[in-house]
Structures are given as structure tokens and as C-alpha cells.
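Structure here, sequence nowhere to be found:
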């Protein structure tokens, strides 16, 4: 099919915009990878060097040699995946209860949960640290995992989704003899799969990237999570940029894998819930 | 919707049993985890920010030596540099997890000393140490007659320059502010800046600015700490110098992320660099080929014949007032750099870092080292003109960098800036 010049022009404009956006978003990423593969004194060279003639993997070796980086990765992985799984189960149950069960105070509880989104984490940092200390959890995985589980965003999103499921579907299941729990487990949850997948990505990323709480809650070196570990390459009179970049490249790999394997669900879920009330 | 009319009694009871089991199992697991695993051992906690890997042996050796000879064992913890005095020390003290001994920055020192968080150390300090330490360095850690921390390092600020670039332009090292501006102008090309000064609004920017303020004859607050001293032509002149360098494009308006060591200087993108003694150590290990072109001189004074002044920074070691073991903590803190044998104090500055020791005996005992470039320039020319970094409360510190930013980036005239600056300081001092 032939296109009119007008159409071609239109397409070209869109392509141009897409290319510019791609450069804006991919640029820092490319720069990070490039910097992780060159010696320190080339990172700030002018004109910039994209592919270093002194290309080497030395920075990566240094990252693992100077710090137990695999331990940091393991800690982050354990914490982020546990939080994700537990949060998904609990948030789905809470979201379903708020959407479908009739009980006194339901509205109030929902508003209460939503309003926690407006409290900045900095304001609860010290009370939370005190609480965790009194529980004897400092420097344990409990301190890293438990406080990260409750989050209004997931509950809200799942509630919105469950509200959108036609009531008739559930009624039909009830007529066929399914219990409340059965309906939740066999009808609502399978339908929520795309939303849950998207939330899984969000939860995992948020916990993988979390910095302030792990910094305060676990100050023993072997309990560090990966973002705190990367920060340890900064120093009094400057930063080991080449090592920070190499560590960042390593740290980004699991999140990329997760994102690419689940990305279609993210788009789908946003279309599905439409975040409508 | 009708509630639960379709549910058979049988199914419901099975379901309930199931959930009860899960709940009990979860509770047991939680309780088991919540119980403190072991009674915390009594140790002396020592906190620092994260030092480079090759500095760690300094601490490891001292702690091993201590632990071998003392019953109370020392445990050191390191924290990321940028969060150390903020999030880490603050939450540590707030939650009762505070260290017994810790490094404190000059910027935070006064806050800790004033709020009773620091243990007075004068009764623990041996006389030989008080005699050995430079009086100015002791004065900088003294408040109301109490010594609140032990100084152990000094890093004076100077004017670093690229010898090859100055020679190529036929320039002498600037000796006055007019010469400095002229040199910066002449050295500026489309590919490089004439000079680098810190541009991020923070404590470090203030730190580097103080010598300029002092040399012009200005001060931030009066001697009794009761009123601002900045609403003067002298302070305006210092602001104007920095404003001129930025506005005319002779100085880089942006930062590469860490002002104390700017990569643009050793990579030929800047000809002069106002920064501290540490620059040498950094260049020596990261840009060894650049050392041949490296020159250093005192920061120029406004006019010929004016007294040269500079500032020195450096962390000090503090003992937490709430420590359970004040005597041991004080002994550990003081002995780290203040043992009668000064070799550890010397190693800190010579072997592990590029820093001067506040103990006068260190320079005397290592005369050979201090004959070499650039240590000789620092020890003989720059250091004698140095004043310790003042420890102002955050409100005053902020007023300093706001005045600088206003003149450098917001087109505020230096005269207006000093007036607004003085107002902010006075408003704060009135609340104390």
C-alpha cells in the first residue's frame, strides 16, 4: 500500500520523537555500561570516550573483591522476593475484602489505608527504628522484610481491580457451591493474574531499590542490601565512579530480567484496572 | 448480595480449621523470630564512615592491639559517607544504638557538643598530648572550657594549578585577586575553565569560601556569637570575587558530583582548582602522569601585602556522653592518634592519607617527608596561615551558601546579598 507524502511525514515525525525519547532514556544506561568498562581517568575525559581502548572487566572484579557484593545481592534478592510474595498474598486478600465483603467500618479502614500514602517515610523512620529495635530485629532479615510488606498502593490497586470484576461471575460460583474463600481463590485471583504480575514487578523493584530503611535497619556489613552496598563506593574526597558504575550494572541485571519477562502484564494491567473507582 | 446462604456447614468448618492452622503457624513463626536470639555482648562500639580499602588496616591494627590487651572488646562499623552524620548517627542516637566512640565532622561538632551528646575529654587527655597538639586545633574542639573531641587530622585548602597551562599562557602564579581573575580569564578557552571552585550549596562550599571571606577582612558572626558580622564591604568583596568568576564564565558553573576532587582538573578541562591537601593523594593514585604538571600555592590574598589566610578541615573523634564505659571509650579514642609514641598519628597522615597531623611532633619527627613536594608547600607555606573550619549551626551554614548561590547564580548584587545574609543570621541568633 502506498502512503501519501503527508502520511510519511507524520510517521517520520513520530519516529523522530521516539528516537529522541529513546536516546534520553537509554543514554544514561549506555553511559553507565560504558563507564563500568573503562579506567577511572577516562570517565570524565573530554571529548567523552564511549568505548574505551583500555576496555576491561577490572572494575567488576574490584567490586566483588572490595566488598562481599554477592552477599549484598543475595540479601536484596531474599528480601525483595519475600516481600513481593507475602505482600501479594496479603494485599490481594485485603483488597478483595475491601471490595467485596460487607463489614462495619469498611470505608473507614479503606480511607485509613489510603491516607498512609501521604505520610513521608522520613517522618516514621525513627519511630519505626525504635519499634524494630524493641522487637530485637535490628540487623535481621525480619527488620528488612516485615516493615516493607504493608503498602497502601498494592491494596488500593487490587481493590480497584476486584471492584471491576462482574458480580455475576462470583454469584455463579457461589450457586455452584463455592465458598467465600473458594470464590476468592478460584475466581477472583486467577482473573487478577495480570495485575498481580505488574504489582510483583513494582514491589520487587521498590524493594530492590530501597535504600534508606535498609541503611538504618541493618548496619552490620553482612546484612547490607545492594543499594547500600553501592553507596559504600563513595568516599570522603570523591567517589570511585568506575566501581559505582560496575556495581550499578550488576545490580540492574535482576530487575531487567524481571521487567522483560513480565512487561506485557504491566501494560495490560494498567489497561484493565483503568484505576477507576 | 445475600451472605453465605449457599455455603454448606461442612465446608465452612473445614475451611475454618484450615485457616486457624495457618494463623497459628504464622504466629509461632513470628514469635520465634521476634525473640532475641542471644543476649547482646558488651562491646565498645566504634563508628566511622567508610574509608577506602587501603586505609582499613590502620583501624584493624589498632583495634587488634586494643582487643589483645583489654577485656572490653572494640567493634568497628563503617557507614556510607554521604549518610554517615545524617541518617546513621542521628537514628543511632535516637534509638539508643549510639556508638561509644565515633568520628564527627567539623560541621556537626558544635551541635553534638551543645546538646550534651559528647563526653568532655579534658580529664582523660594526658599533658604531653595537650602540649603537642596545636593550640588552634584544641581551641576548635573546645566549648565552654570543655574539650569535646580529639583532633587528629588537618587538611588545608590551597590553589592547585596546572603548571603546563600556566607556562603556555606565560602566566605567573596569581598573588592577588585581580591577578587571579585575570589568570582565570586568560586560561579559559572553549574547551576548558580557568578555575574550579565548589558550586554545590553545602558545607563544603562554605569551607572553601571561608579563606576568601577572612582574607578580605570579613567574618560570619561576631566574637561573642551574638550578631552577624557579614554586612560589610569586605564580605561583599569576597562574594563578588566568586560571583565574577562564575558570571564571566571563568569558573565552571556546574559540578561533577564531588567538589573536593574534580576530575576536570587532572583531565585538562580546568587550569586551576581551589581545593585541599587531599588532592595530591587522589591525583597520585588516579592520575599519576599528571603529578609532573601539578603545582600548588597559597590562595591569593585580595591585595599585595595582605595577610594570607586559609582554612583547614578535618574530622575529630568524639566519645558519646551516654556510653556505659566512659573511661575505656575515652582511652580508646585518645590513644588512637594521641599515644605517646606518635607513629600512629604520623602514619594516618603520611602512609594512609594525605593529611597533616595536629601534633607538632609529627612534622618535626618526619622532616624528610615534609621536604618533598607538595608536602613542603603545605607544611611550611600554607599550613601556618590556616585556621580551623568553624563549626556553625546548620541555620548559619545555610545562610552562607545561600548568599554565595545568590551572587553566583541569581544575579543578586554582593551588597544586597550581605544585607540579606546578615538578616538571616541575626534572625537565627535571636532564637538561641
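Structure received. Bear in mind that the values here come from a model prediction, so they are computed numbers and not experimental data.

Give me the neighbour count for residue B:327.
12 (other C-beta atoms under 10 Å in any protein chain shown). No exception for glycine: its C-beta is placed from N, CA and C like everyone else's.

Same check on residue A:71?
By the criterion of other C-beta under 10 Å, residue A:71 has 15 neighbours.

for it, helix, strand, or coil?
At residue A:71, secondary structure determined by DSSP: H, G, I helix; E, B strand; the rest coil is helix.

residue closest to the middle of chain A?
residue A:205 (1.8 Å; C-alpha atoms, centre = their mean).

In space, what's closest to it - neighbours in sequence excluded?
Leaving out its chain neighbours, the residue that sits closest to residue A:205 by C-beta to C-beta, 6 or more residues apart in numbering or on different chains is residue A:255, at 5.6 Å.

and if you look at residue A:122?
residue A:212 (7.8 Å).

does the residue nearest to residue A:205 really touch residue A:208, like I thought?
Yes - Residue A:255 lies in contact with residue A:208 (C-beta atoms under 8 Å); the separation is 5.6 Å.

Between the two, which has more neighbouring residues?
residue A:208 (23 against 16).

SS state for residue A:214?
Put simply, residue A:214 is helix when judged by three-state DSSP.

What about the residue lying closest to it once chain neighbours are set aside, how many residues nearby?
With C-beta to C-beta, 6+ apart as the criterion, residue A:214 has its nearest non-adjacent residue at 4.1 Å, and that residue is residue A:225. The number of residues packed near residue A:225 is 28, by other C-beta under 10 Å.

just the one 10 residues further on next, same as before
When neighbours are counted by other C-beta under 10 Å, residue A:235 registers 20.

ok, residue B:409 to residue A:4 distance?
Distance, residue B:409 to residue A:4, using C-beta to C-beta, to the nearest Å: 50 Å.

So for the two, which sits in the more crowded spot?
Neighbours were counted for residue B:409 and for residue A:4 using other C-beta under 10 Å; residue B:409 has more, 14 against 8.

which residues sit in contact with that one?
B:246, B:253 (C-beta atoms under 8 Å, 6 or more residues apart in numbering or on different chains).

mind redoing it with 10 Å?
B:199, B:201, B:243, B:246, B:247, B:253 (C-beta atoms under 10 Å, 6 or more residues apart in numbering or on different chains).

Narrow those residues to those that are buried.
Buried subset of the contacts of residue B:409 (neighbour count, 16 or more other C-beta atoms under 10 Å in any protein chain shown): B:199, B:201, B:243, B:246.

From residue A:232, how far off is the residue nearest to residue A:122?
From residue A:212 over to residue A:232 (counting by C-beta to C-beta), the distance is 15 Å.

Spell out the secondary structure type for residue B:46.
Secondary structure for residue B:46, judged by three-state DSSP, is strand.

Which secondary structure elements does the worst-scoring helix or strand of chain A on mean pLDDT sit against?
Lowest by mean pLDDT, DSSP states H and E among the helices and strands of chain A is strand A:238-239, with a mean of 78. Using 3 or more C-beta pairs under 10 Å, 6 or more residues apart in numbering or on different chains; DSSP states H and E as the contact test, the elements touching strand A:238-239 are helix B:278-286.

Which pLDDT value goes with the residue lying closest to residue B:129 once chain neighbours are set aside?
Once flanking residues are discounted, residue B:129 sits nearest to residue B:338: 4.5 Å by C-beta to C-beta, 6+ apart. pLDDT, residue B:338: 94.

Ok, the one 10 residues further on next?
At residue B:348 the predicted local distance difference test score is 96.

I'd like the distance between it and residue B:362.
With C-beta to C-beta as the criterion, residue B:348 and residue B:362 are 9 Å apart.

now residue A:172
Residue A:172 is 86 Å from residue B:362, by C-beta to C-beta.

Tell me the residue of the stretch 301-432 of chain B that sits nearest chain A?
residue B:315 (8.4 Å; C-beta to the nearest C-beta).

Please report phi then psi for the residue nearest to that residue when sequence neighbours are not counted.
Once flanking residues are discounted, residue B:315 sits nearest to residue B:103: 4.7 Å by C-beta to C-beta, 6+ apart. In terms of degrees, to the nearest 10, the main-chain angles of residue B:103 are phi -80, psi 140.

In this structure residue B:103 contacts residue B:88, no?
No - under the criterion of C-beta atoms under 10 Å, residue B:103 makes no contact with residue B:88, lying 11.3 Å away.

So for these two, which residues contact both of them?
B:47, B:49.

In three-state terms, how would the residue lying closest to residue A:186 once chain neighbours are set aside be classified?
Residue nearest to residue A:186 in three dimensions, not counting chain neighbours: residue A:178, with 6.3 Å by C-beta to C-beta, 6+ apart. At residue A:178 the chain is in coil, as set by three-state DSSP.

And residue A:178, how far from residue A:190?
For residue A:178 relative to residue A:190 (C-beta to C-beta), the value is 13 Å.

again, but for residue B:320
Applying C-beta to C-beta to residue B:320 and residue A:190 gives a distance of 56 Å.

got it, and residue B:187?
To residue A:190, residue B:187 is 70 Å away according to C-beta to C-beta.

The two - which one has more neighbours?
Per other C-beta under 10 Å, whichever of residue B:187 and residue A:190 has more neighbours is residue B:187, with 22 against 9.

Please tell me I have it right and that one contacts residue B:165.
Yes - counting by C-beta under 10 Å, residue B:187 touches residue B:165, with 6.0 Å between them.

what residues are shared contacts of these two?
B:171, B:194, B:270, B:271, B:272.

Show me which of these is closest to chain A.
residue B:270 (10.2 Å).

Identify all residues paired with the closest one through a beta bridge.
With DSSP bridges applied, residue B:270 shows beta-bridge pairing to residue B:193.

if I pick the residue nearest in space to the middle of chain B, what's in contact with it?
Nearest to the mean C-alpha position of chain B, by C-alpha atoms, centre = their mean, lies residue B:105 at 5.0 Å. Residues near residue B:105 by C-beta under 10 Å, 6+ apart: A:236, B:49, B:84-85, B:89, B:112, B:203, B:313-316, B:389, B:391.

Switch those residues over to TSV, and while doing so, append pLDDT and secondary structure to every line.
Shown next, in TSV, are these (pLDDT from 0 to 100; DSSP: H, G, I helix; E, B strand; the rest coil):
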residue	pLDDT	secondary structure
A:236	79	coil
B:49	93	strand
B:84	91	helix
B:85	86	helix
B:89	92	helix
B:112	93	helix
B:203	90	helix
B:313	90	strand
B:314	90	coil
B:315	94	coil
B:316	96	strand
B:389	92	coil
B:391	87	coil
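
Give me the domain ranges for the chain.
In the absence of a named chain, chain A is used. Here the domain parsing of chain A from automatic domain parsing is A:1-56, A:60-273.

actually it's chain B I care about, not the one you picked
Structural domains annotated on chain B: B:44-154+B:314-388, B:156-311+B:393-431, as defined by automatic domain parsing.
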